[in-house]
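Participant: Sequence unavailable; structure follows:
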């Protein structure tokens with residue numbers, strides 16, 4: 001059996017990965033723009049957050065906000081340049097930027113002393129002794145906040161504009177939608193989510209190296225979006241949790257786990273070409289109400305405390 005410590009670790013990793021996938025879902029699933037450089041935004045968030053906590057002594061929560069804003073600023077700059085590109089050209093541009101960010105940190109040597117605190121950034125060796133601030137409770141709180149924010153965004157006029165851009169950008173323009181603004185909003189929100197997730201990841205592992213942000217990570221995030229279902233929040237949740245847990249559950253088979261992981265993804269894509277949820281949402285509200293009715297009914301069916309029937313109490 002798995003220990004709670006081990007399960008908790010998988011759940012924390014699922015939480016910060018879900019944050020990245022939710023952001024990518026806004027850009028890819030809802031706006032229809034594929035990004036293969038999202039690991040670069042995660043990298044920016046991770047390094048900015050540890051700079052805030054280790055060099056400047058800022059609180060963990062504030063460092064996450066700054067990390068998210070730094071990634072969002074980069075996303076806005078990238079969007080200004082690339083959002084007019086179509087199809088594969090946008091994918092290639094994001095891929096190039098993501099790799100460029102990783103290579104910059106791979107070769108960056110930095111030594112900062114602030115108030116007697118030394119912060120050493122040693123290129124490919126990365127950073128060690130990062131304070132472990134990311135806990136299961138804090139990760140759950142952050143995920144709930146951003147799940148709610150994503151649901152509200154997608155049900156707003158901005159979310160509907162993104163869907164219109166995904167379905168037919170030209171038709172959206174003809175109907176009066178500012179498609180560039182919708183795509184820019186999606187890009188900025190996606191980068192914000194990734195930056196905050198990067199800060200969470202850095203303060204969970206306790207060390208950071210540029211090789212943690214290879215192109216393959218960006219591909220994994222995209223697979224999770226497609227696996228769960230394009231344009232589905234609950235699909236993103238299911239896809240992330242399943243694909244984060246599956247490699248851990250298959251550790252017993254050694255190197256074959258990667259083969260089985262790939263086969264599982266292929267089978268799902270054949271059986272469910274549109275992903276697990278197919279762009280739909282689980283009726284969470286209905287499920288909660290149904291569960292509530294079941295428990296209410298059980299309480300009504302319970303006998304009185306003295307063991308007698310209601311009729312017997314009335315006759316007495």
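Facilitator: Looks like it came in fine. Quantities reported herein were computed from a predicted structural model and do not represent experimental measurements.

Participant: where does the stretch 201-316 of the chain dip in pLDDT?
Facilitator: 279, 283-292, 295, 297-316 (pLDDT under 70).

Participant: one more time with 90
Facilitator: Along the stretch 201-316 of the chain, segments meeting pLDDT under 90 span 226-232, 245-316.

Participant: What are the boundaries of the helices in it?
Facilitator: For the stretch 201-316 of the chain, the helices defined by DSSP state H, counting those that start in this stretch occupy 215-228, 233-249, 256-271, 284-301, 310-315.

Participant: I'd like to know which of these is closest to residue 10.
Facilitator: Closest to residue 10 of those is helix 233-249 (CB to CB; 5.5 Å). All C-beta atoms are positioned from the backbone trio N, CA, C, and that covers glycine.

Participant: tell me which residues of stretch 171-191 are tucked away?
Facilitator: By 16 or more other CB atoms under 10 Å, the buried positions in stretch 171-191 come out as 172, 177, 179, 182-191.

Participant: same question, stretch 256-276
Facilitator: For stretch 256-276, by 16+ other CB under 10 Å, it's 257, 265, 268, 275, 276.

Participant: can you tell me which of these lies nearest to residue 72?
Facilitator: The closest of those, once distances to residue 72 are taken by CB to CB, is residue 275, at 26.9 Å.

Participant: any idea what sits nearest the closest one, other than its immediate chain neighbours?
Facilitator: residue 229 (3.2 Å; CB to CB, 6 or more residues apart in numbering).

Participant: if we can go back for a sec, most widely separated two among the buried residues of stretch 256-276?
Facilitator: Farthest pair in those, by CB to CB: 257 and 275, 22.3 Å.

Participant: Okay, helices next: where are they in the stretch 1-150 of the chain?
Facilitator: For the stretch 1-150 of the chain, the helices defined by DSSP H, counting those that start in this stretch occupy 4-24, 38-50, 60-82, 88-107, 136-154.

Participant: Who are the packing partners of the third one?
Facilitator: By that I understand helix 60-82. Judged by 3 or more CB pairs under 8 Å, 6 or more residues apart in numbering; DSSP states H and E, helix 60-82 is in contact with helix 38-50, helix 88-107, helix 179-205.

Participant: From the chain's centroid, how far away is the first one?
Facilitator: Shown here is helix 38-50, whose average C-alpha point lies 13 Å from the average C-alpha point of the whole chain (CA atoms, centre = their mean, to the nearest Å).

Participant: Can you mark which positions in that helix are buried?
Facilitator: Under the neighbour-count criterion of 16+ other CB under 10 Å, helix 38-50 has 38-50 buried.

Participant: of all those residues, which two lie farthest apart?
Facilitator: That would be 38 and 50, which, of those, are the farthest apart (CB to CB) at 19.3 Å.
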